[in-house]
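Q: I'll drop the sequence and a predicted model, then ask my questions.
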Amino acid sequence: MVIALFAGLMLQWLVLQVALRPVWLVSPNARSSHTAPTPTMGGITIVLVVLVYLGYMSFEIGRLGWGLCFGCGVLAGVGLWDDVRHVSAKFRIVVHVLAAALVIWSMALPAPFWLLLICLLGLVWFINLYNFMDGIDGIAAAQCLVFCVGVEIVSPATLGWVSELLWALSGVTLAFLSFNWPPAKIFMGDVGSGFLGLLLGSVLIYLWQAESLPLVAGLILLAVFWFDATYTLCVRIGTGQEFTQAHRSHLYQQLALRRGHLWTTSVFLIFAMVWLMPLAWLAVTYATLQLLFLAMAIVPLAVLCWLFEAGMPEQREHL
């Protein structure tokens, strides 16, 4: 973690110098929550450090390591391309499916076809929702840290190389967060958000199938991201909106519009530490009640989504 932290800090400083060029600046648009042009592609630091670790460990862990390395690497490459020049949605979704399929294949899961298909669709959705949720300063990196540290704390098993991966990911993400904390000096970009979506989703599936962490416990740690994104999408579809268009109607975006980025990201971290992490631990300790703990994790989010009208047309009056 310490090595990744210092490597990340140095790399992030270098990336920031490059990203200050006009081609890397992101101007405010219909989806963004920032008000001034800000450099992007900051997530490339996370990608580089993690891929170096995965490449090194692949000689030991074999097919899974190479699958993660190539799958996540290709996805990051397309994300970087999209950060510089627009990539069509059709091309992106094809790459998402192929990258997720490569990772699922590399896991060699002893599961029926229908379950493999669910895992594939879940990974593709998680790639996209992580991108959707990377809309305000610090929140995407904070979710990554919550998951990594949470898994290390609540998992009842020895995680081996996965533990090393999560600590390395925590270190480099913390380095990035020091530049991305509100007010952000640099954004993660698609190069980082898609990469993290596939990587965290893959780790969750791998730990579940290895019986190192219950699936529900991992979903609790990631509850804010998958519930907000899924709820908002369902509302937009149900109300007949053009759900493929850019928008700022996610719960976290509504909170940021009213309270600011710093307040929203800070409250997310507090909620994760005092509510989600204990519930994830309870789901591990009392497995027969894990669905109850999952419900307890998402009920506050559901109430907030309803109160703040997540997913509803943006021209509605702010509270």
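A: Okay, I see it.
Q: The nearest residue to Leu221 once chain neighbours are set aside: what's it in contact with?
A: Nearest residue to Leu221, sequence neighbours excluded (C-beta to C-beta, 6 or more residues apart in numbering): Gly150, at 4.2 Å. (C-beta placed from N, C-alpha, C; glycine too.) By C-beta atoms under 8 Å, 6 or more residues apart in numbering, Gly150 lies in contact with Leu221, Ala272, Leu276, Met277, Ala280.
Q: now do 7 Å
A: Leu221, Met277, Ala280 (C-beta atoms under 7 Å, 6 or more residues apart in numbering).
Q: tell me which element the last one falls in.
A: Read it as Ala280. helix 277-285 (DSSP states H and E).
Q: Mind giving me the packing neighbours of that helix?
A: Helices and strands touching helix 277-285, by 3 or more C-beta pairs under 7 Å, 6 or more residues apart in numbering; DSSP states H and E, are helix 139-154, helix 215-221, helix 290-307.
Q: Can you name the next helix or strand after the second one?
A: Spelled out, that is helix 215-221. Next element after helix 215-221 (DSSP H and E): helix 223-238.
Q: how far out from the middle of the chain is that next one?
A: With C-alpha atoms, centre = their mean, to the nearest Å as the basis, helix 223-238 stands 15 Å off its chain's centre.
Q: Now do the buried residues in the next helix or strand after it.
A: Helices and strands here follow DSSP H and E; after helix 223-238, the next one along the chain is helix 251-259. By 16 or more other C-beta atoms under 10 Å, the buried positions in helix 251-259 come out as Leu251, Tyr252, Gln253, Gln254, Leu255, Ala256, Leu257.
Q: closest to Ser88 among these?
A: Gln253 (24.8 Å; C-beta to C-beta).
Q: For that closest one, report the pLDDT, please.
A: On the pLDDT scale, Gln253 is placed at 95.
Q: re the thing from before, need the helices and strands packed on helix 277-285 in TSV (columns: distance to Asp228 and mean pLDDT).
A: What follows is these, written out as TSV (distance: least, C-beta to C-beta, whole Å; pLDDT from 0 to 100):
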stretch	distance to Asp228	mean pLDDT
helix 139-154	10	97
helix 215-221	13	97
helix 290-307	7	97
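Q: looking at the ones you listed, which is closest to Gly238?
A: It's helix 290-307; of the helices and strands packed on helix 277-285, that one is closest to Gly238 (C-beta to C-beta) at 12.9 Å.
Q: Give the buried residues for the helix or strand where Phe271 lies.
A: Applying DSSP H and E as the criterion places Phe271 in helix 261-271. Neighbour-count burial for helix 261-271 flags His261, Thr264, Thr265, Ser266, Phe268, Phe271 (criterion: 16+ other C-beta under 10 Å).
Q: just for the chain, where's the confidence low?
A: Scanning the chain for pLDDT under 70 picks out 21-36, 315-319.
Q: who's in contact with stretch 225-241?
A: Outside stretch 225-241, the residues that touch it by C-beta under 7 Å, 6+ apart are 129-130, 132-133, 143, 219, 243, 249-252, 298, 301, 305, 310-313.
Q: and with 8 Å instead?
A: 126, 128-130, 132-133, 143, 219, 243, 247, 249-252, 298, 301-302, 305, 310-313.
Q: List the buried residues in it.
A: Residues of stretch 225-241 classed as buried: Phe225, Trp226, Phe227, Asp228, Ala229, Tyr231, Thr232, Leu233, Val235, Arg236, Gln241 (neighbour count, 16+ other C-beta under 10 Å).
Q: CSV please, covering these and showing distance to Glu211.
A: Formatted as CSV, these follow (distance: C-beta to C-beta, whole Å):
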residue, distance to Glu211
Phe225, 24
Trp226, 22
Phe227, 25
Asp228, 29
Ala229, 28
Tyr231, 30
Thr232, 33
Leu233, 31
Val235, 36
Arg236, 37
Gln241, 41
